[in-house]
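> Next come a sequence and a model predicted from it.
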Amino acid sequence: MKPFGEAGHLLRVALVYALGVALFLIVRAILVPHSFGEFGYYRGRAIAQVAALPMHFAGHQACRSCHADVVALKRSGVHAGLHCEACHGPQAAHVANPAAVRPVLPRVATLCIRCHAYNPARPHSFPQIVVKQHDPGGLACNTCHQPHSPLQGFGKKT
Amino acid sequence: MKPFGEAGHLLRVALVYALGVALFLIVRAILVPHSFGEFGYYRGRAIAQVAALPMHFAGHQACRSCHADVVALKRSGVHAGLHCEACHGPQAAHVANPAAVRPVLPRVATLCIRCHAYNPARPHSFPQIVVKQHDPGGLACNTCHQPHSPLQGFGKKT
Amino acid sequence: MNITRRHLLLLFPAAAMSWESLQAGAPEQAPNYQMYKHWWGMLLDISKCIGCGNCVRACAAENNVPEGYFRTWVERYRVRDEDMPYPQVDSPDGGMHGFPALPAEPGVKEFFVPKMCNHCADSPCTQVCPVGATFITPDGVVLVDKEYCLGCRYCVQACPYGCRFFNPSTRTADKCTLCYHRITKGLTTACCEACPTGARQLADLKNPNDPIHAFMRTHSVQVLKPYLATGAKDFYYDLDGAVR
Amino acid sequence: MNITRRHLLLLFPAAAMSWESLQAGAPEQAPNYQMYKHWWGMLLDISKCIGCGNCVRACAAENNVPEGYFRTWVERYRVRDEDMPYPQVDSPDGGMHGFPALPAEPGVKEFFVPKMCNHCADSPCTQVCPVGATFITPDGVVLVDKEYCLGCRYCVQACPYGCRFFNPSTRTADKCTLCYHRITKGLTTACCEACPTGARQLADLKNPNDPIHAFMRTHSVQVLKPYLATGAKDFYYDLDGAVR
C-alpha cells in the first residue's frame, strides 16, 4: 500500500524543495557573520573591532600623575586650556612605558609660530606676532617665554 | 505692358503680407506701453510710479527743525538710537502741515511695555521688566521715567 | 499715437522697435537719484530683534497693506536644544501686536526672526511672471507693476520665502517695495525707521561707505535658503540653523 | 559552526534566523560603556579656529590616515564683502601644515572652517552601502566595517560633505570614526585633544550635563547643508553664509 496513494510524486517534489531550503540555510549560515543584524543591517561585532583600535594620544588626564608640577604651572597661565599633547604630540607609548619611550622635545622654532604667527584669517583677538618685528634677533621663543606659562614675568596674568 | 510681366500675382501676395505686417505693428504699438523694455522685460515707467507713492513716515531728519530740545534730550539718554516715529507713529502729514495736523500722544500704558515687558524670546541683555513686580502700584511709566531719556535721574547714563 | 498706415509701411519691424524705445524717455525719478549708483539690500540682526512688531505696523501704515496681509512680519522660533530641524514657529498677526510671552520650557531657546522680501538678484518670482509685471530695478529692488499685473499668482507660488501675496483690494500681486518711494529720496524704509533697536538696517551694497561692508567683513552673516541661489540680499546676523 | 543537515531539515527559515541572533552575543566593549546612553556629536566654534592644523596632524597620527588623505581637514575661506556665493577656499595639505598668510586684500574676510564627518543621524553614505558595511552605531557614530566593505565607493560618492575616501592601503572606504576607540573609554577625540583653542568640542547629546546643551541654548548654531536633512551632528557656531 502506498502511504500517499497516488500523491507519491508530490512527496518527491516536497523533498527536493526541502533539500533546496536546507542548502540555502547552510550557505547562509556559513556566509552571514554571526553578529549581523544584532543592532541593525550590519555586523554588530564591527563596533567592538573599531572600539578596540590602539590609541596614540594618551589624553590629558594621563599626564598629571608624573608631571604634576608642569601641569600646575600650565594651569596658572594663559596656556591653561591647552592639553599637553597639543604641543608634545601623541604620548600613549610614553605613558605605557615611561622609562623606555622618551618624548622628543618639540622644536620651539616651529612650534610656537604655528599658532602665533600673524595670519589675517585668524580671529583678531587671538595673540599673534609678526615674527620679524617681534624678534628681530632671531632668538628662540623660550629665551624670553616659559612655554608652559608664556606671559610669566611679563607683568600680566602669568 | 504689365510691369511685372507674369508675376502680378506675386505682387498681390506681397501686398497682402505687407498689410499683415502693418496691422501687427499698429496693434503692437497700441498695446505695448512706450517704456516697455527700457530697462528690461518690463514697463520702465512702473519704477517711477512706485517711486512716486505717498509717504506716511516723515523720517527722523524731519523732527529736529521744530523739536530740537526733545531731540537733544533723547540723544543724551539710552533712547538715543530710537527714531521719533518709532514711538510717535507716522508723522508725514504733521510735518507737511504742523498747525493743522496735531499728533496724538502715544498711550504710555501700552507703548513702553511693547518693548520692555519681559519675554524669554528677547535678547537677555535687552532691558526688560516684569510689569507686576516692577510697578505693583499700577503707575504710568512716565510717573518715574522721562520717556525721551528714561534713565534720567536714576544715577545712570541719563 | 499718430502712426499712419503710410508710416508703418515704410518701416521694417526692427526699425519700428528701436524707434519705440527712443520714444520711451526716462522715468520720473526723484531729483539727483541715479539708479545705477545703488544696489539695495537689508541687514537683519537677530541678536537685536525684540519682537515688538514696530516694523510690521510701520510697514502696514506706510504702504496701506490690507489687514491680515504682510509685506514684512516677525516670527518667533522655539527650538528645543539641538533639535534644529523641528522648531516651533509662531507669528500671531505677523507679530504686529507683539508676542505674548509663552510659558518657559527647560532646554528651549527662543528668538525672533524678522522676515521680508529678499530682493533677490536672481528672483524666482520675476522669472515666472508671464507678462513682465514684476521685475528687478537697476538698483536691485524687486517691484510689481500694478497696472500690468494680471493677478495670475504665479509669483506668489514661486517665491521660496513666502514674501508675496495676492492683494484682494487691488487684485494684483503685492509685496515689499523696500519702500522704494522712500529710499529713492534718501530716506530709509518705514520698517527701519520704526525699529527701536537697529535690528534692521537698510544697506546700499554699491556704496563703499555703507556700514554694511564693515559689518560683513567682521561678522559671520547668512542669507536664507542659500542653496536656491536666488541671490537673496537680506543678510542675517546671528541666524540659527533652525530658521528656514 | 556545527550545523548538520539533520538539524537544518528540522528548522524553518524563520526559526533559523532567530536562533542565529541568539548565537551572536554582545560585542566586546570597554567596561562600563553603555552604547544606548550616548549620542555623539561635535561642536565646532569657527570664532576660535586659528588654522594651526593640530587637529589634522593629530587625526593622522591617531588613526594612521595615509598621506594625502584626510579624515578631518581645515579650510580657509576668503569672502569678498557680500559676495557669499563665490568664496575662495583653499586647504593646502588639508591644513596639516598650517596656512601661509596670503597678501591682504581690502574688503576680503578670511576665516578657517574645520571639517570632518557629520556623523549624520540619517546619513546618505549608510543608506547607499549595498552590503551593510557602513552603519550608524546605537550611540550615533557612523563607522565602516573594514572586513565587510567591498570597496565599491558608493558611499564616497554619496557623502554630501566629502568626508569619505577610498583608503588605498586597506582598499576599503575610510572615514572619521569620531575616535570611537577613545570616546568609548571616556577620552575625547584626538582632534579635540590636540586643538589648542577649544574650537572643537566632543559633545554627548544624550548627556544632559554636557556643556553643549547650555551652549546651544544661548548661541545660534548651524549645521552644514541643513536642506539635505541628513541629521548632521557637527554643530557650527559663527558659521558664515559662504561655507558650504
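Alright, I've got the coordinates.
> domains for chain A, by residue range?
Here the domain parsing of chain A from automatic domain parsing is A:5-51, A:55-105, A:107-149.
> ends of the last one, how far apart?
The one in question is domain A:107-149. From the first residue to the last, domain A:107-149 extends over 17 Å; the measure is Cα to Cα, to the nearest Å.
> Could you check it against chain D for contacts?
Yes. Contact of domain A:107-149 with chain D (Cβ under 8 Å from any Cβ of the partner chain) involves A:Arg114, A:Cys115, A:Ala117, A:Tyr118, A:Asn119, A:Pro120, A:Ala121, A:Arg122, A:Pro123, A:Phe126. Yep, even glycine has a C-beta here, placed from its N, CA and C like the rest.
> what is the mean pLDDT for that domain?
Domain A:107-149 shows a mean pLDDT of 92 in the predicted model.
> who does C:Val89 bridge with?
When assigned by DSSP bridges, C:Val89 has beta-bridge partners C:Tyr77.
> Would you mind giving the domains of chain A as a markdown table with mean neighbour count added?
Output for these, formatted as a markdown table (neighbours: other Cβ atoms under 10 Å in any protein chain shown):
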| stretch | mean neighbour count |
| --- | --- |
| domain A:5-51 | 15 |
| domain A:55-105 | 16 |
| domain A:107-149 | 15 |
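> Out of the residues of domain A:107-149 next to chain D, which is nearest to D:Val243?
A:Ala121 (13.3 Å; Cβ to Cβ).
> Need the three-state assignment for that closest one.
Recorded secondary structure, A:Ala121: coil (DSSP: H, G, I helix; E, B strand; the rest coil).
> how about it, what does it touch?
By Cβ atoms under 8 Å, 6 or more residues apart in numbering or on different chains, the residues touching A:Ala121 are D:Gly51, D:Arg76, D:Tyr77, D:Arg78, D:Phe99, D:Ala101, D:Leu102, D:Glu110, D:Phe111, D:Phe112.
> so how far is the lengthiest helix in chain A off the chain centroid?
When chain A is parsed with DSSP state H, its longest helix is helix A:8-31. How far helix A:8-31 lies from its chain's middle: 49 Å, per Cα atoms, centre = their mean, to the nearest Å.
> quick one: contacts for the closest residue to C:Lys115 other than its chain neighbours?
In this structure, C:Lys115 finds its nearest non-sequential neighbour in C:Trp73, 5.6 Å apart by Cβ to Cβ, 6 or more residues apart in numbering or on different chains. The contact partners of C:Trp73, taken as Cβ under 8 Å, 6+ apart, are C:Val56, C:Ser91, C:Gly94, C:Gly95, C:Met96, C:Pro114, C:Lys115, C:Met116.
> hmm, back to that, which elements pack onto the longest helix of chain A?
helix D:5-10, helix D:13-24 (3 or more Cβ pairs under 8 Å, 6 or more residues apart in numbering or on different chains; DSSP states H and E).
> neighbours around the nearest residue to A:Pro123 once chain neighbours are set aside, how many?
Spatial nearest neighbour of A:Pro123, chain neighbours left out: D:Ser47 (5.9 Å); criterion: Cβ to Cβ, 6+ apart. When neighbours are counted by other Cβ atoms under 10 Å in any protein chain shown, D:Ser47 registers 14.
> dump the residue contacts of D:Ser47.
Per Cβ under 8 Å, 6+ apart, neighbours of D:Ser47: A:Pro123, C:Ser220, D:Tyr237, D:Asp238.
> Next: C:Phe165.
Here C:Phe165 is in contact with C:Tyr69, C:Phe70, C:Val156, C:Ala173, C:Asp174, C:Lys175 (Cβ under 8 Å, 6+ apart).
> would a markdown table of the domains of chain A with distance to B:Ala7 be doable?
Listed next are these as a markdown table, based on distance: least, Cβ to Cβ, whole Å:
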| stretch | distance to B:Ala7 |
| --- | --- |
| domain A:5-51 | 82 |
| domain A:55-105 | 95 |
| domain A:107-149 | 79 |
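> closest to C:Lys185 out of the ones you listed?
domain A:107-149 (38.3 Å).
> From D:Phe112, how far off is the residue in chain A positioned nearest to chain B?
Chain B sits closest to A:Ser125 of chain A, with a gap of 19.8 Å, by Cβ to the nearest Cβ. Look at A:Ser125 and D:Phe112: by Cβ to Cβ, to the nearest Å, they are 14 Å apart.
> In strands only, show me the contacts of C:Trp73.
Those of the contacts of C:Trp73 mapping onto strands are C:Pro114, C:Lys115, C:Met116, per DSSP state E.
> any idea where the strands of the chain begin and end?
Let's take chain A. So, for chain A - with DSSP E - there are no strands.
> That was the other one, I meant chain C.
Using DSSP E, strands in chain C cover C:40-45, C:72-80, C:88-90, C:108-116, C:134-136, C:142-144, C:165-167, C:172-174, C:200-204, C:221-222, C:234-237.
> okay, these in a markdown table with mean pLDDT next?
Formatted as a markdown table, these follow (pLDDT from 0 to 100):
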| stretch | mean pLDDT |
| --- | --- |
| strand C:40-45 | 98 |
| strand C:72-80 | 96 |
| strand C:88-90 | 96 |
| strand C:108-116 | 97 |
| strand C:134-136 | 97 |
| strand C:142-144 | 98 |
| strand C:165-167 | 97 |
| strand C:172-174 | 97 |
| strand C:200-204 | 97 |
| strand C:221-222 | 96 |
| strand C:234-237 | 97 |
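> Dump these to TSV, plus distance to A:Gly40.
Below are the strands of chain C laid out as TSV (distance: least, Cβ to Cβ, whole Å):
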stretch	distance to A:Gly40
strand C:40-45	43
strand C:72-80	26
strand C:88-90	31
strand C:108-116	31
strand C:134-136	50
strand C:142-144	49
strand C:165-167	47
strand C:172-174	50
strand C:200-204	48
strand C:221-222	35
strand C:234-237	38
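> Compare those and give me the one nearest A:Arg28.
strand C:72-80 (44.1 Å).
> any idea of the angle the closest one forms with strand C:200-204?
120 degrees (axes from the mean of the first three to the mean of the last three Cα atoms, to 10 degrees).
> distance of the residue in chain A that chain C sits nearest to from D:Ser47?
Of all residues in chain A, A:His124 sits closest to chain C, at 8.3 Å by Cβ to the nearest Cβ. According to Cβ to Cβ, A:His124 stands 10 Å off from D:Ser47.
> what about chain C, any weak spots by pLDDT?
C:1-30 (pLDDT under 70).
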